[in-house]
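> please find the sequence and the predicted model below.
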Amino acid sequence: MSRSKQLLNTIDKNFGTLAFCRRWLDRLGETKYLMALRNLCDVGIVEAYPPLCDIKGCYTAQFEHTVLLRPTCKEVVSRGTDY
């Protein structure tokens, strides 16, 4: 259970409420976190999402913001207090 708390602290500190992937945890130096991450998902603290797919065998990029494209400008509409 303490490993789950440590991992949650790392997630909160580095990602807040933004989506993240496991390889980003690897880049932060986290090791042996799979059981802790599964525990956080099982109790509903972290929500798991499958990879984004567009065409079979291809992946779609995920961005931090939603951008509204207008005829004369671009507007970022997803900025919040957590980013």
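Here it is on my side, so go on. Numbering: from 1, shown residues only.
> show me the strands in the chain, by range?
67-69, 74-76 (DSSP state E).
> next, format those as TSV and append mean pLDDT.
What follows is the strands of the chain, written out as TSV (pLDDT from 0 to 100):
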stretch	mean pLDDT
strand 67-69	85
strand 74-76	86
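> may I see the ones you listed organised as JSON lines, with distance to Leu28 and mean neighbour count added?
To be clear about C-beta, it is placed using only N, CA and C from the backbone, and glycine gets the same treatment. What follows is those, written out as JSON lines (distance: least, C-beta to C-beta, whole Å; neighbours: other C-beta atoms under 10 Å):
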{"stretch": "strand 67-69", "distance to Leu28": "27", "mean neighbour count": "9"}
{"stretch": "strand 74-76", "distance to Leu28": "26", "mean neighbour count": "9"}
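> now what about stretch 5-12, what contacts it?
20, 25, 28, 30, 33, 36-37, 40, 45-46 (C-beta atoms under 8 Å, 6 or more residues apart in numbering).
> repeat that for 7 Å
If you take C-beta atoms under 7 Å, 6 or more residues apart in numbering as the criterion, stretch 5-12 is touched by 20, 28, 30, 33, 36-37, 40, 45-46.
> buried subset of these?
Listed as buried from the contacts of stretch 5-12 are 30, 33, 36-37, 40, 46; burial here means 16 or more other C-beta atoms under 10 Å.
> so of these, which ones are in helices?
Cross-referencing the buried ones among the contacts of stretch 5-12 against helices under DSSP state H gives 36-37, 40.
> which one of the buried ones among the contacts of stretch 5-12 is nearest to Val77?
Nearest to Val77, judged by C-beta to C-beta, of these is Val46 at 25.4 Å.
> and the gap between the closest one and Lys74?
32 Å (C-beta to C-beta, to the nearest Å).
> what's the burial count for Gly44?
By other C-beta atoms under 10 Å, the residues close to Gly44 number 7.
> pick out the most distant pair among the contacts of stretch 5-12.
It's Leu28 and Ile45 that sit farthest apart of the contacts of stretch 5-12, by C-beta to C-beta, at 18.1 Å.
> picking that back up, ok, which of the strands of the chain comes nearest Asn14?
Closest approach to Asn14 among those (C-beta to C-beta): strand 74-76, 21.5 Å.
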